[in-house]
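Colleague: Attaching a predicted model along with its sequence, questions to come.
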Amino acid sequence: MSSREPVARERIRRFEADVLVHVDDLYRAALRMTGNAAEAEDLTQDTCLRAFERLDQLRSPAAARAWVFTIQRSIFLRRIERQPKSASLDVIDSALLEPAEVLRDTYETLRPIQETPLSEVREALARLPLPYREPLVLAHVGGFSYREISEILTIPLGTVMSRLFRGRRLLRGELREPKKRTRSTS
């Protein structure tokens, strides 16, 4: 047995305990971000590989979940940068949103979404612009708090709140569209 084997075994054990426990959540988030199962698998695999390579940078097992999602986001954004540019997005000024309005909107928006078939929600979510889709996926699929989303996306907390607010409204609008088209063709 070489002197490196115990170190390698410990690294693998740590990787399994700190990173691989999140692989299902990583895949679900990747699927929502990419909208494609094959791309989601590639993104998840690349994320795990990068996390293994940089495992020494993880300071605390308690921070592993946010750390690995940050890695995933970084890889995903790098891939998007290589694609042709799309139209820019108007960002809502978070100062315009009152916390009570955000909370009220969350309840009013999520109620109809929860009553919609999951396949329709997935399709509508895939049509949202990335800056709105990403926080929604992290909050509602990943279960991250607003503060954790702020850290993962490296944006201010107020921006997280405004993007979630706007993203939920956009999602609700996307879910209403097929119903409008169906009614108008009848």
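Modeller: It's in. Numbering: from 1, shown residues only.

Colleague: ok, residue 15 to residue 64 distance?
Modeller: Separation of residue 15 from residue 64 (Cβ to Cβ, to the nearest Å): 10 Å. Any C-beta I mention is one placed from the backbone N, CA and C, and that applies to glycine too.

Colleague: So which of these two has more stuff around it?
Modeller: residue 64 (20 against 16; other Cβ atoms under 10 Å).

Colleague: tell me the mean pLDDT over the helix or strand hosting the more buried one?
Modeller: With elements taken from DSSP states H and E, the one containing residue 64 is helix 64-82. Averaging the model's pLDDT scores along helix 64-82 yields 89.

Colleague: Neighbours of residue 55, how many?
Modeller: Residue 55: 16 neighbours (other Cβ under 10 Å).

Colleague: To clarify, my last question referred to residue 41.
Modeller: Using other Cβ under 10 Å: residue 41 sits among 14 other residues.

Colleague: So it is in contact with residue 26, correct?
Modeller: No. Between residue 41 and residue 26 there is no contact under Cβ atoms under 8 Å: 10.4 Å.

Colleague: How is residue 144 assigned, secondary-structure-wise?
Modeller: Following DSSP: H, G, I helix; E, B strand; the rest coil, we place residue 144 in the coil state.

Colleague: what about the one helix or strand residue 8 maps to, distance to the chain center?
Modeller: Element membership for residue 8 (DSSP H and E) is helix 4-18. Centre-to-centre, helix 4-18 and its host chain are 28 Å apart (Cα atoms, centre = their mean, to the nearest Å).

Colleague: now the angle between helix 4-18 and the helix or strand just after it, please.
Modeller: Sequence-wise, the next helix or strand downstream of helix 4-18 (DSSP H and E) is helix 23-34. Helix 23-34 runs at 60 degrees relative to helix 4-18, counting by axes from the mean of the first three to the mean of the last three Cα atoms, to 10 degrees.

Colleague: between helix 23-34 and helix 64-82, how big is the angle?
Modeller: Going by the same axes, to 10 degrees, helix 23-34 makes 30 degrees with helix 64-82.

Colleague: mean confidence score for helix 23-34?
Modeller: Mean predicted lDDT for helix 23-34 stands at 88.

Colleague: Show me what that helix is packed against.
Modeller: helix 37-53, helix 64-82, helix 118-127, helix 130-136 (3 or more Cβ pairs under 8 Å, 6 or more residues apart in numbering; DSSP states H and E).
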